[in-house]
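**Student:** Kindly return the folded structure for what I paste below:
(one chain, ligands or ions: 2)
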Amino acid sequence: MDKSIKWDESTSQEWFDVVESWPWEEQGGDWVKQGPCPRCGHQMDRTVAGGVAFALPVAAQPVAIWCNCSYPHEQRPSDRDAGCGSNGRISPPPST
Ligand SMILES: [Zn+2]
Ligand SMILES: [Zn+2]
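**Tutor:** Ligands and ions are numbered 1, 2, ... in the order given. Have a look, this model is predicted:
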């Protein structure tokens, strides 16, 4: 995709809405949400440990998510090794 997309943490509502719409999928006991980053188009994912055992009250808390694509983006801070900067907090996986 477009490598000229620069690091930017000012995430749009559109980005948030698209990521929020991806389903949580159970994989090997963990919850995984993944898809192409709505901003840079690179594959990103978020894994929450627990799966069916994830039934603690903390499950009701929003989950932080950020683009963690493995492609280069200009102006990425030196302490970050992935993503385009887009990030937000989304609904947690189901706690059943
Ligand atoms: Zn990217
Ligand atoms: Zn991205």
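**Student:** how about the residues of the chain near ligand 1?
**Tutor:** For the chain, the contact set with ligand 1 under CB under 5 Å from the ion comprises C40, H42, C69, Y71, C84. Glycine gets a C-beta too; all of them are placed from N, C-alpha and C.
**Student:** Would you agree the third one is in contact with R39?
**Tutor:** In this case it means C69. No: between C69 and R39 there is no contact under CB atoms under 8 Å: 9.5 Å.
**Student:** Which of these two has more residues huddled nearby?
**Tutor:** Of the pair C69 and R39, R39 is the one with more neighbours under other CB atoms under 10 Å, namely 24 against 21.
**Student:** Wait, the more buried one touches C67, no?
**Tutor:** Yes: using CB under 8 Å, R39 makes contact with C67 at a distance of 6.7 Å.
**Student:** which neighbours do these two share?
**Tutor:** Residues within reach of R39 and of C67 at once, by CB atoms under 8 Å, 6 or more residues apart in numbering, are C84, S86.
**Student:** Do a quick rundown of the helices in the protein.
**Tutor:** With helices called from DSSP state H, the chain shows them at 13-21.
**Student:** still on that earlier bit, now list whatever residues contact both of C69 and R39.
**Tutor:** C84.
**Student:** Now for the closest residue to D45 other than its chain neighbours: which residues touch it?
**Tutor:** Leaving aside its sequence neighbours, D45 sits nearest to Q34 (CB to CB, 6 or more residues apart in numbering; 3.7 Å). Q34 makes contacts with W22, E25, Q43, M44, D45, R46, as judged by CB under 8 Å, 6+ apart.
**Student:** Emit the ChimeraX select command for whichever of those are buried.
**Tutor:** Buried residues within the contacts of Q34, by 16 or more other CB atoms under 10 Å, are selected in ChimeraX with:
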select :22,44,46
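**Student:** by contact count, what packs against the lowest-mean-pLDDT helix or strand in the chain?
**Tutor:** Lowest on mean pLDDT, DSSP states H and E among the helices and strands of the chain sits strand 25-27, with a mean of 91. Packed against strand 25-27, as judged by 3 or more CB pairs under 8 Å, 6 or more residues apart in numbering; DSSP states H and E, are the following elements: strand 30-36.
**Student:** Okay then, goodbye and thanks.
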